[in-house]
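Colleague: Next comes the sequence, and after it the predicted model I'd like to discuss.
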Amino acid sequence: MPADLGYYTLSVPDIDRAAAFYGPLLGWEFRRERDTYLHVTNTAVPMGFVAGEPSAQPNLYYHVADIDRAVEQVRELGGSTGEVFSGRSGRGCSCTDDQGAQISLWQPAPGFG
């Protein structure tokens, strides 16, 4: 089965200001997951805001059934990976393909994605 976009994040310096801007503009509703993360609760493709340096592009997370196997496969295919991280929404990993392009993989927790 091909992997679809499963989640994305936007990096912003202040997640509360982002909520105040995007909530009224796009009708988004939010749930605070932690001090540095705000989940958007009412979008077709799950997303959220992460506190950090602002980015020009969103960070895309591709849905995978088994994050450990997907990370292993990235390495087998000549790419590299960061550490697998876990959160309330599931497990993920930042990866770089064999040409230097960066993507992220995400295995959702039950009830997410």
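Modeller: Thanks, I have it.

Colleague: which strands and helices sit next to the longest helix anywhere in the chain?
Modeller: Determined from DSSP state H, the single longest helix within the chain is helix 15-26. With contacts taken as 3 or more Cβ pairs under 8 Å, 6 or more residues apart in numbering; DSSP states H and E, helix 15-26 sits against strand 37-40, strand 47-51. Glycine gets a C-beta too; all of them are placed from N, C-alpha and C.

Colleague: If I take that helix and strand 47-51, what angle do their directions form?
Modeller: If you take axes from the mean of the first three to the mean of the last three Cα atoms, to 10 degrees, helix 15-26 sits at 150 degrees to strand 47-51.

Colleague: Could you check how far helix 15-26 is from the centre of its chain?
Modeller: The chain centre lies 18 Å from the centre of helix 15-26; the measure is Cα atoms, centre = their mean, to the nearest Å.

Colleague: counting contacts, what elements does the helix or strand just after it pack onto?
Modeller: Later in the chain than helix 15-26, the nearest helix or strand by DSSP states H and E is strand 30-34. For strand 30-34, the elements it packs on are strand 37-40, judged by 3+ Cβ pairs under 8 Å, 6+ apart.
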